[in-house]
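Q: all I have is the shape, not the residue letters:
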């Protein structure tokens, strides 16, 4: 009986592992991207609100990969605003585009369906130019209105690389935050690390 229980337990572990792998992996569009530049496109998290001079995450990411990274972050930007200025991204002939968008939609109570329809359009327009897209998701317990799951669904649907939650290991740690929403310089170091880990296989 003990051996039977052990066997069942092993099968359960294998099944859970298989389910996790199945749900967390998907085909990536433009895994061998064309284009010339690496662009960070988004809101205040991209711009670097709360960071010291040169300590925003795109600048720190540039140091990690040893090549220029373009910062196209605008504080307060929503997915609607980002969609309206998508041509500024496409004009850079991007090879990779790293997104932090949706947080202001969440804060401003923009319907989830509207935000993710905009995000899907933004991603598709970038991908149509041959670039790889990395989506920086946000998953805030009790407040997230299902955005965390929606980022996962969006990544699968569009074939984007996903960082499920850019605030992992940052939010809730006062020594890494400049205010309740924005990291400080050290927090942006961790954020840059999240994006570095995401793009490293495609550099």
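A: Yes, it's here. For clarity, every value in this text was computed on a predicted model and none was experimentally measured. Numbers count the residues shown, from 1 in each chain.

Q: got a list of what the nearest residue to residue 155 once chain neighbours are set aside touches?
A: Closest residue to residue 155 in three dimensions, ignoring its sequence neighbours and counting by Cβ to Cβ, 6 or more residues apart in numbering: residue 162, at 3.7 Å. Yep, even glycine has a C-beta here, placed from its N, CA and C like the rest. Applying Cβ atoms under 8 Å, 6 or more residues apart in numbering to residue 162 gives the contacts 134-135, 137, 151-152, 155, 198.

Q: ok, the strand or helix carrying residue 162: who's next to it in the sheet?
A: If you go by DSSP states H and E, residue 162 is part of strand 161-163. Here strand 161-163 has these sheet partners by DSSP bridges: strand 132-136 (parallel).

Q: past the strand it pairs with, which element shows up next along the chain?
A: In N-to-C order, the element after strand 132-136 by DSSP H and E is helix 147-158.

Q: what's the average pLDDT for that following helix?
A: Taken as a whole, helix 147-158 has an average pLDDT of 97.

Q: what stretches of this structure score poorly on pLDDT?
A: Scanning the chain for pLDDT under 70 picks out 1-24, 141-144.

Q: surely residue 154 is in contact with residue 122?
A: No - contact criterion Cβ atoms under 8 Å: residue 154 and residue 122 do not qualify, at 10.4 Å.

Q: among the contacts of residue 162, which ones are buried?
A: Buried subset of the contacts of residue 162 (neighbour count, 16 or more other Cβ atoms under 10 Å): 134-135, 137, 151-152, 155, 198.

Q: between those residues, which sits nearest residue 26?
A: residue 155 (6.9 Å; Cβ to Cβ).

Q: tell me the contacts of that closest one?
A: 26, 135, 137, 161-162.

Q: hey, what's the residue most central in space within the chain bridged with?
A: By Cα atoms, centre = their mean, the mean C-alpha position of the chain lies nearest to residue 136, the distance being 1.1 Å. On the basis of DSSP bridges, residue 136 is bridged to residue 163.

Q: how about it, what does it touch?
A: 42, 45, 98-100, 163, 166, 194-195.

Q: could you redo the last one with a cut-off of 10 Å?
A: Residue 136 is in contact with 40, 42, 45-46, 57, 98-103, 151, 161-167, 191, 194-195, 198, counting by Cβ atoms under 10 Å, 6 or more residues apart in numbering.

Q: and the nearest residue to residue 52 once chain neighbours are set aside, what is it in contact with?
A: Using Cβ to Cβ, 6+ apart and skipping the chain neighbours, the partner closest in space to residue 52 is residue 185 (4.5 Å). With contact taken as Cβ under 10 Å, 6+ apart, residue 185 is in contact with 48, 50-57, 60, 176, 178.
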